[in-house]
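Chemist: I would like the atomic coordinates for the input below:
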Amino acid sequence: MRHYDLSPLYRSTVGFDRLFSMLDGMSNGDNGTPGYPPYNIERTGENAYRITMAVAGFGQEDLSIEVKEHALTVRGEKKADGESKSEVLYRGIAERTFERRFQLAEHVEVRGARLENGLLHVELVRQIPEALKPRTIEIASGEPQKVIDQKAA
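Modeler: Numbering: from 1, shown residues only. Below is the predicted model of the structure:
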């Protein structure tokens, strides 16, 4: 069983620990294979992240990605080839069905996905609403401001 240490990410993103905890909290894979397919979670910008999964042997038509209620689900199911002319003597490239779930933190949305060189890249962005963003408050000098009451003539 593989375990990835996300503690360096926790240290570099003070206050966003919950995001990584939720991304890291996943269900085990199907068929008793909790490490399949292997994946990476990368931080690509201040509020941008990427999940990269190794899905060798799967094409675009074999993969599906669904986002529902703060959960990202990636499924892979290899369609059976009825026209296989060769006999496989040893199968080292796994083509088994899988389902991998990732819990997404609030305000994280999936921007897109692409498949290249056997790796599935899922791009995530954290969009914080203006009301929740920190704002800077100016500090006034020691003297209070004078208010002049002007009455309309």
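
Chemist: ok, now how distant is the closest residue in space to Gly59 that isn't next to it in sequence from Ala140?
Modeler: With sequence-adjacent residues excluded and distances taken as C-beta to C-beta, 6 or more residues apart in numbering, Gly59 is closest to Leu115, at 7.6 Å. All C-beta spots, glycine's among them, are computed from the backbone N, C-alpha and C. Leu115 sits 56 Å away from Ala140, going by C-beta to C-beta, to the nearest Å.

Chemist: in terms of packing, which of the two has more residues around it?
Modeler: More crowded of Leu115 and Ala140, by other C-beta atoms under 10 Å: Leu115, with 15 against 8.

Chemist: coming back round to it: which positions within the host helix or strand of the residue nearest to Gly59 qualify as buried?
Modeler: Following DSSP states H and E, one finds Leu115 within strand 108-116. The neighbour-count check on strand 108-116 (16 or more other C-beta atoms under 10 Å) flags 108, 110, 113 as buried.

Chemist: test my guess that the second one contacts Lys68.
Modeler: No: with contact taken as C-beta atoms under 8 Å, Val110 and Lys68 are classed as non-touching, separated by 10.9 Å.

Chemist: what helices and strands are in contact with the strand holding Leu115?
Modeler: The contact analysis (3 or more C-beta pairs under 8 Å, 6 or more residues apart in numbering; DSSP states H and E) places strand 108-116 against strand 63-68, strand 119-126.
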